[in-house]
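Asker: can't give you the sequence, but here's the structure:
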């Protein structure tokens, strides 16, 4: 592999707030992938976005694990997973290929796939290409960005421009600034989101994602997003769409468009949260998922 590999020292992850979960690792294409594996039952795959990691799901897992086996991986370049130090090593195809291999490595099936932010393009692409392995979808603040103007909100464009001109991305502060109640995002929480990224070279994956947002219909990944959107029109399995009411990147209108797109999808509004709604309203979102599963008797 041309790019060098950076592995964040373990001591960076000591004493994280409300994060008592044991780290687990699996080799995926020669790269060490970290994931959480908590609880028992049908597997629920919790996919994070940019620039977060599995820490984002820490308040949802305790609510979900009596019903589900909660699996929350860190993408390559994030969390406790290996990090390629060359920004150009990352692409939509790279991340998607990793996701397919990760699910295969763990032998997962009958999945509930929970997606947010970049988890949306990756996880929804996976679900529509492997519907035999997916039982239901849960879509949190995300979009299928395919390069058309309609998929590029002003908030998304503003974020992309900021990230591209800020190579030393202040990850923890990005999370705090996105919150409705910023005071709730303590210094310890900010530090936990910063923990995977102690050096500039460790931030290559986080630096790469904003540049991967397709800004033209012919951009890499755009065709895959259009194909995914088309496939979701005939999605026949349960789907829950939960969007927060205060996200400047993916508005409630985006959430409603998903609910309109997917047959029989349920739509729910998560009040009082910004872009990273799992951070602000994790237990409420988990309860919404459990209610949905009970109501559908699935």
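Answerer: Yep, that arrived. Since we're looking at a predicted model, the values are computed, not measured.

Asker: who are the neighbours in contact with the most centrally placed residue in the chain?
Answerer: In the chain, the C-alpha nearest the mean C-alpha coordinate belongs to residue 48, at 2.2 Å (Cα atoms, centre = their mean). Neighbouring residues of residue 48 by Cβ atoms under 8 Å, 6 or more residues apart in numbering: 54, 56-57, 72, 74-75, 78-79, 116-119. In short, each C-beta sits where N, CA and C put it, glycine included.

Asker: rerun that using 6 Å as the cut-off
Answerer: Residues in contact with residue 48 (Cβ atoms under 6 Å, 6 or more residues apart in numbering) are 56, 119.

Asker: just the one 3 residues further on next, same as before
Answerer: By Cβ under 6 Å, 6+ apart, the residues touching residue 51 are 171, 206.

Asker: switch the cut-off to 7 Å
Answerer: Shown in contact with residue 51 (Cβ atoms under 7 Å, 6 or more residues apart in numbering): 169, 171, 174, 206.

Asker: Distance of it relative to residue 260?
Answerer: 30 Å (Cβ to Cβ, to the nearest Å).

Asker: Can you check which helix is longest in the protein?
Answerer: helix 277-296 (DSSP state H).

Asker: helices and strands around that helix, which ones?
Answerer: The helices and strands touching helix 277-296, judged by 3 or more Cβ pairs under 7 Å, 6 or more residues apart in numbering; DSSP states H and E, are helix 61-64, strand 134-140, strand 239-244, strand 266-270.

Asker: Residue 121 against residue 227, yeah?
Answerer: No: look at residue 121 against residue 227 with Cβ atoms under 7 Å: they stay out of range, at 11.2 Å.

Asker: And these two? Which one has more around it.
Answerer: Neighbour totals were compared for residue 121 and residue 227, and residue 121 leads with 26 against 15 (other Cβ atoms under 10 Å).

Asker: That one sits in which helix or strand?
Answerer: Per DSSP states H and E, residue 121 falls inside helix 119-129.

Asker: Got the phi and psi for residue 147?
Answerer: With angles defined as degrees, to the nearest 10, residue 147 sits at phi 90, psi -20.

Asker: so who does it touch?
Answerer: With Cβ under 7 Å, 6+ apart, residue 147 has these contacts: 214-217, 219, 222.

Asker: redo that, cut-off 10 Å
Answerer: 213-223, 225-226 (Cβ atoms under 10 Å, 6 or more residues apart in numbering).

Asker: next one: residue 127
Answerer: So residue 127 contacts 45, 111, 113, 115, 133-137, 139, 228, 231-232, 235, 237, 239 (Cβ under 10 Å, 6+ apart).

Asker: Filter those residues down to the buried ones.
Answerer: Listed as buried from those are 45, 111, 113, 115, 133-137, 139, 228, 232, 235, 237, 239; burial here means 16 or more other Cβ atoms under 10 Å.

Asker: Return the member of the residues you listed nearest to residue 99.
Answerer: For the buried ones among the contacts of residue 127, the closest approach to residue 99 (Cβ to Cβ) belongs to residue 45, at 9.1 Å.

Asker: Isn't the closest one up against residue 54?
Answerer: No: counting by Cβ atoms under 10 Å, residue 54 is not a contact partner of residue 45; they are 11.3 Å apart.
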